[in-house]
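Q: this is a predicted model, with the sequence first.
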Amino acid sequence: MKITLRTMALGMLLPLICFESAYAVTISFFDTAADDTVAVMSPDLMRQKTSTCSRTVECITIAGVTPVDNLFAVLGAMAFLTEPPDNTKVSDELVLRIRVIGGQAIVGLLFRSDPDETNGTLPAGFSGVPETGDNATILNGTDSAGNVVNRFQLKDPVTGNVSFVALPGTFVVTATSDLDPQPTPEPNTLLLLGTGMAALLSYRLRHLHSRVRDLFARRH
């Protein structure tokens, strides 16, 4: 009977031991398609669902379940990607929600490109992350040097203070976002610019020639 009880106790402890082991979650967004659509991939989330937003194709949400690994309840934490060179214009925003229920974390993450809600500028107190073009930008996770990178911030509804959310490095969120192309001059614009520069150069040369001629005339 004692052996049976010990076996049962060990059987009850095994799920707890597995539960305490490290569990990584990776969520990756891709906003580089030519048709301006956004994709998301997360092989770790169980029972996951993805859906595009109704207002724009450059918006997608993902939700799923994962065992809790240092995750805690977070509602409305945000991260922003900004456009270089001044990095003041918001290119993409992410909104994170985590609910912890019965030993599991229900994770929901929204990615929205060119958000209207921010009017193109960073909300007060928030810091942005410069876009890197086709390279994945780490918004949360562990970098190649082993440092935990965290870009998600939360605004206190009472005080209005903005602070970073201490998410674990095993919860990895990356975004690959396209940079807005820099405007290129039209051919007619280039032609006008070239004609104007040629006219200016011609004027300066005539003016210089006139001064040299006058100088020699005075000497003789």
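A: That came through fine. Numbering: from 1, shown residues only.

Q: what residues are up against Asp143?
A: Val149 (CB atoms under 8 Å, 6 or more residues apart in numbering). For glycine as for every other residue, the C-beta is placed from the backbone atoms N, C-alpha and C.

Q: nope, Gln153 is what I meant
A: Neighbours of Gln153 in contact, by CB under 8 Å, 6+ apart: 77-79, 125-127, 162-165.

Q: can you rerun that using 7 Å?
A: 77-78, 126, 162-165 (CB atoms under 7 Å, 6 or more residues apart in numbering).

Q: what residue ranges in the protein score low on pLDDT?
A: Scanning the chain for pLDDT under 70 picks out 1-22, 33-35, 55-57, 116-119, 134, 179-220.

Q: how is it carved up into domains?
A: Domain segmentation of the chain under automatic domain parsing yields 22-177, 185-220.

Q: check these for me and report the most buried one.
A: Among the domains of the chain, domain 22-177 has the highest mean neighbour count (mean count of other CB atoms under 10 Å), at a mean of 16.

Q: helices of the protein, start to end?
A: 2-20, 187-219 (DSSP state H).

Q: what residues does the strand ranked longest in the chain touch?
A: Secondary structure of the chain read by DSSP state E shows that its longest strand is strand 89-101. With CB under 7 Å, 6+ apart as the test, strand 89-101 has contacts from 31, 68, 71-83, 105-115, 118, 120-122, 128, 131, 139, 152, 175, 177.

Q: from the residues you listed, which ones fall inside strands?
A: Per DSSP E, these map to strands at 31, 74-83, 105-113, 128, 139, 175, 177.

Q: measure Lys155 to Gly125 for me?
A: To Gly125, Lys155 is 7 Å away according to CB to CB, to the nearest Å.

Q: please identify every residue contacting each of the two.
A: Counting by CB under 7 Å, 6+ apart, the residues touching both Lys155 and Gly125 are Val162.

Q: Ile27 pairs with what?
A: For Ile27, the beta-bridge assignment (DSSP bridges) gives partners Val173.
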